[in-house]
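Enquirer: Show me the folded form of this:
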Amino acid sequence: MIKDVLEIMFGCSHKHYSFPMTAKPGQRRSEAASVTGTYVVCLDCGKEFAYDWQTMKLVSARQKGSELSEASEPLAKSA
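Expert: Model (predicted):
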């Protein structure tokens, strides 16, 4: 919880993302990739985020199935 507060106050704003990447079958997946199989990486800090190709938006790790398209946030443009 303290880490979350510090990240909000001083952390990365996650405005620059990589192109979406899909993990190969049989490849070990990170937490972000395990949600949808596809993820993007913040180019400023390296944090990974789950990505939904159908809605072309970031999704939270807690969302699954039909919830993916309901509470997604738009992907910010990379510079």
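
Enquirer: quick one, helices of the protein?
Expert: Taking DSSP state H as the test, the helices found in the chain are 2-10, 31-36.

Enquirer: Buried deepest among these, which one?
Expert: Across these, averaging neighbours per residue (mean count of other C-beta atoms under 10 Å) puts helix 31-36 on top, at a mean of 18. Where C-beta positions appear, they are placed from N, C-alpha and C, glycine not excepted.

Enquirer: need the contact list for Met9.
Expert: Contact analysis of Met9 by C-beta atoms under 8 Å, 6 or more residues apart in numbering lists nothing.

Enquirer: Distance-wise, check it relative to Ile2.
Expert: The spacing between Met9 and Ile2, counted by C-beta to C-beta, to the nearest Å, is 11 Å.

Enquirer: Next: Ser13.
Expert: In this view, Ser13 and Ile2 are 19 Å apart by C-beta to C-beta.

Enquirer: ok so, going back, out of the helices of the chain, which comes closest to Pro20?
Expert: Closest to Pro20 of the helices of the chain is helix 31-36 (C-beta to C-beta; 9.5 Å).

Enquirer: helices and strands around that closest one, which ones?
Expert: Here helix 31-36 touches strand 48-52, going by 3 or more C-beta pairs under 8 Å, 6 or more residues apart in numbering; DSSP states H and E.

Enquirer: Which strands border the strand it packs on, and is each parallel or antiparallel?
Expert: strand 38-41 (antiparallel), strand 57-59 (antiparallel) (DSSP bridges).

Enquirer: would you list those strands in a markdown table and tack on mean neighbour count?
Expert: Converted to a markdown table, the strands paired with strand 48-52 look like this (neighbours: other C-beta atoms under 10 Å):
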| stretch | mean neighbour count |
| --- | --- |
| strand 38-41 | 20 |
| strand 57-59 | 20 |
